[in-house]
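Novice: Coordinates for the following, if possible.
(chains A and B)
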Amino acid sequence: MMIMSTSQPTETEKKEGPLAFSYECYKDMLDNNIIFAYRGIVTSDLVTNVLEIMEERLEEEGQSKKISKKVFNVMVECLTNVYVDEDKLFKEGYDPSALLLVAKGSNSYKVTTGNYIPTKGVNSLKLMIDRINSMDKEELKTYYQEILCMEEPDMNGLTNLAIIDLARKSKNKLTYTFKYENNKYTFFTLESQISKSGV
Amino acid sequence: MRSLIIEPTAKTPKVIMNSDINVFEIVGRSIPEDSVGFYRKVLDWVDEYAKNPNAHTNFKFQLEYFNTSSSKCLLDLFRKLEKMYKNGHDVVITWHYDADDEDMEETGEDYKALLEVPFELVSI
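Specialist: This is a model prediction of the structure:
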């Protein structure tokens, strides 16, 4: 069925739900060069499926193997480290799913993840990312090796290791936002940028 | 000694630990949800093997992708091989990486810098 745009809304256009926003959603994705979007629970099965889809997309676009590999490595790291305590979030009335967006710009790819995190952890996470962003290549390498060698890294240690790894692999500063919801949860987005030049 | 063979999946690598034919390999993707659970079998096998290893042991690693928790498990495995080497056994680790994958090469260099065991990087 074709939906025609006229000055008078048709019966179809008056409807609510996906029909009401699908065009805007499509336009937003187009304007922001989104080539892949997902919202849902992140499982390791999903990671393998996403990789397959992205492999085809990047191949179709004629992207070099070196840059494709880098995009995949960053995506794997992003997805496998979106740590969400699904059961707890669900019980407390929050959406336990995560968001993954991949955008293709003229000079780079951007991989963005979003998910709820406990508000009490926001400050330490922000300090951690800022600290990582202030480091140069050699400092990141030393710090990565230091945390990797910790005897029993806790969840914070693993998160730190993952964020350092993202910074090293993307070779760019990480950008982030925290959208405060309440004292319990904050929506956290993290973006990694991979230059097409590979530098 | 009984071999340890684990067939690959989309998330876990192929594992061959066969002391009879002197083949020790971990090849493929390593992005399991429970990395510790997956690698425990390998670590236990290596503990047993270290009691009476072959004259020469070459451990081959060829990974396509791996996640942060796997990287920690791999270091635990390397530490066991390092211990064997320090105990006087002939042990070599070979880290194979795709020539287009500079991240995997860099990770190999990280491990090499942290370990006191022969660690060779092989571009394929």
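Novice: Which is the succeeding secondary structure element to the longest helix along chain B?
Specialist: Ranked by residue count and defined by DSSP state H, the top helix of chain B is helix B:68-86. Helices and strands here follow DSSP states H and E; after helix B:68-86, the next one along the chain is strand B:90-97.
Novice: Is any residue of that next one near chain A?
Specialist: No - counting by CB under 8 Å from any CB of the partner chain, chain A has no neighbours in strand B:90-97; the shortest distance is 10.1 Å. Glycine gets a C-beta too; all of them are placed from N, C-alpha and C.
Novice: ok so, going back, for the longest helix of chain B, which positions count as buried?
Specialist: By neighbour count on 16 or more other CB atoms under 10 Å in any protein chain shown, the buried set for helix B:68-86 is B:68-75, B:77-78, B:80-85.
Novice: For residue A:26, state which of those is nearest.
Specialist: Proximity of the buried residues of helix B:68-86 to residue A:26 was ranked by CB to CB; the top entry is residue B:68 with 34.8 Å.
Novice: At which residues are the helices of chain B located?
Specialist: B:35-49, B:68-86, B:102-114.
Novice: For the spatially most central residue of chain B, list the residues it contacts.
Specialist: Central residue of chain B (CA atoms, centre = their mean): residue B:61, 5.0 Å from the mean position. Shown in contact with residue B:61 (CB atoms under 8 Å, 6 or more residues apart in numbering or on different chains): B:25, B:26, B:27, B:74, B:93, B:94, B:95, B:96.
Novice: rerun at 6 Å
Specialist: Applying CB atoms under 6 Å, 6 or more residues apart in numbering or on different chains to residue B:61 gives the contacts B:26, B:95.
Novice: what stretches of chain B score poorly on pLDDT?
Specialist: Within chain B, no range satisfies pLDDT under 70.
Novice: List, one by one, the residues from chain B near chain A.
Specialist: Applying CB under 6 Å from any CB of the partner chain, one finds that chain B approaches chain A through B:10-11, B:31, B:33, B:65, B:67-68, B:75, B:100-101, B:103, B:110, B:114.
Novice: Who wins on neighbours among those?
Specialist: When neighbours are counted by other CB atoms under 10 Å in any protein chain shown, residue B:31 leads these with 27 neighbours.
Novice: Just give the number of residues close to residue A:142.
Specialist: With other CB under 10 Å as criterion, residue A:142 counts 11.
Novice: Could you look up the next helix or strand downstream of the helix or strand hosting it?
Specialist: Assessed by DSSP H and E, residue A:142 sits inside helix A:137-148. Sequence-wise, the next helix or strand downstream of helix A:137-148 (DSSP H and E) is helix A:155-170.
Novice: Paired strands for the helix or strand following that next one, with orientation please.
Specialist: As assigned by DSSP H and E, the chain's next helix or strand after helix A:155-170 is strand A:175-180. Paired with strand A:175-180 in the same sheet, following DSSP bridges, are strand A:185-195 (antiparallel).
Novice: Next, the buried residues of the partner strand.
Specialist: A:185, A:186, A:187, A:188, A:190, A:191, A:192, A:193, A:194.
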